[in-house]
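Mind looking at a prediction? Sequence and model below.
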Amino acid sequence: MPAYPRKELEEMVERWLDANKQSEQEGDWIKHLGAMYTDDAEYSWNMGPNREFIARGRKEIEDWALGAHMEGFEKWRYPYEKIIIDDQQGEIIGIWRQVAPVKRADGTEYEVAGVGGSWFRYGGDYKWCWQRDFFDLGNVKTMFMELAADGQLDASVKQRLSKLAKGQQLPGVYPIHADPSFVKKLQGLLAMLRIVLLGK
């Protein structure tokens, strides 16, 4: 991994933080963050012991990571608490919090417990070429349960949880031991077979 000028990486971080703030204010993650990835970037996170989310390429990142998976979280805030820059490897760690856009009856904020963050790899030209998020999935689920019990869970999040409970997956979710490229090839093969055998 190449080294980059420290000032360039610091500028990248400032641009990223500004884009995040604009996304939170406008409720549009794609508009401000999508252009900050290289065309061949990869973005992933773990979804428990059996599943991973992986988006390959800027289009999948925009459509899936910043689009489908952020539905219902348009107004959530993810304030960064700590940034660590490694200019020799061109990598950055950002530690953030997850704060819901509503408050409890006593005025306190609904916030996911534990530590959340993103591990970035810089690709030059003020764009990321790789990102890996990490957070405590158990604490996220607990927060959803509390929001639901208090009647504060966003309707689109409720709908998503209902689909997941019925076994319907969001795009980009793969079995943890499966190669996504193999899964894509298999899906393509099945689609071709469907056309040949069923004509549709």
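Done, it's in.

Centre of the chain to the helix of greatest length in the chain, how far?
Longest helix in the chain by number of residues, with DSSP state H as the criterion: helix 6-26. How far helix 6-26 lies from its chain's middle: 16 Å, per C-alpha atoms, centre = their mean, to the nearest Å.

Dump the C-alpha coordinates for it into CSV.
The C-alpha coordinates for helix 6-26 follow below in CSV (Å, rounded to 0.1, in the frame of the first residue of the first chain):
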residue,chain,number,x,y,z
ARG,A,6,-0.2,13.6,5.4
LYS,A,7,-1.9,16.8,4.4
GLU,A,8,-3.7,15.1,1.5
LEU,A,9,-5.1,12.4,3.9
GLU,A,10,-6.1,15.1,6.4
GLU,A,11,-7.9,17.0,3.6
MET,A,12,-9.7,13.7,2.6
VAL,A,13,-10.9,13.3,6.2
GLU,A,14,-12.2,16.8,6.3
ARG,A,15,-14.1,16.4,3.1
TRP,A,16,-15.5,13.1,4.3
LEU,A,17,-16.7,14.6,7.6
ASP,A,18,-18.3,17.6,5.8
ALA,A,19,-20.1,15.2,3.4
ASN,A,20,-21.4,13.1,6.3
LYS,A,21,-22.8,16.2,8.0
GLN,A,22,-24.5,17.3,4.8
SER,A,23,-25.9,13.8,4.4
GLU,A,24,-27.3,13.9,7.9
GLN,A,25,-28.9,17.3,7.4
GLU,A,26,-30.5,16.5,4.1
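
Quick one: residues in contact with that helix.
29, 31-33, 36, 75-78, 80, 83, 85, 87, 90, 92, 94, 122, 126 (C-beta atoms under 8 Å, 6 or more residues apart in numbering). Every residue, glycine included, has its C-beta placed from N, CA and C.

Show me the contact partners of the helix or strand following it.
Counting by DSSP states H and E, the next helix or strand C-terminal to helix 6-26 is helix 29-33. Among residues not part of helix 29-33, those counted as contacts by C-beta under 8 Å, 6+ apart are 19-20, 22-23, 26, 62, 66-67, 70, 74.

closest to Y110 among those residues?
E74 (15.5 Å; C-beta to C-beta).

Leaving aside the residues adjacent along the chain, what's closest to that closest one?
Computed as C-beta to C-beta, 6 or more residues apart in numbering, the closest residue to E74 that is not its neighbour in sequence is G27, at 3.5 Å.

Please give me every residue in contact with the closest residue to G90 other than its chain neighbours.
Leaving aside its chain neighbours, G90 sits nearest to Y122 (4.2 Å; criterion: C-beta to C-beta, 6+ apart). Going by C-beta under 8 Å, 6+ apart, Y122 touches 4, 9, 12, 90-92, 128-129.

Of these, which pair is most distant in space?
Farthest apart among those by C-beta to C-beta are L9 and C129. That separation is 13.1 Å.

Comparing the two, which residue is more hemmed in?
Taking other C-beta atoms under 10 Å, L9 and C129 do not tie; L9 has more neighbours (21 against 18).
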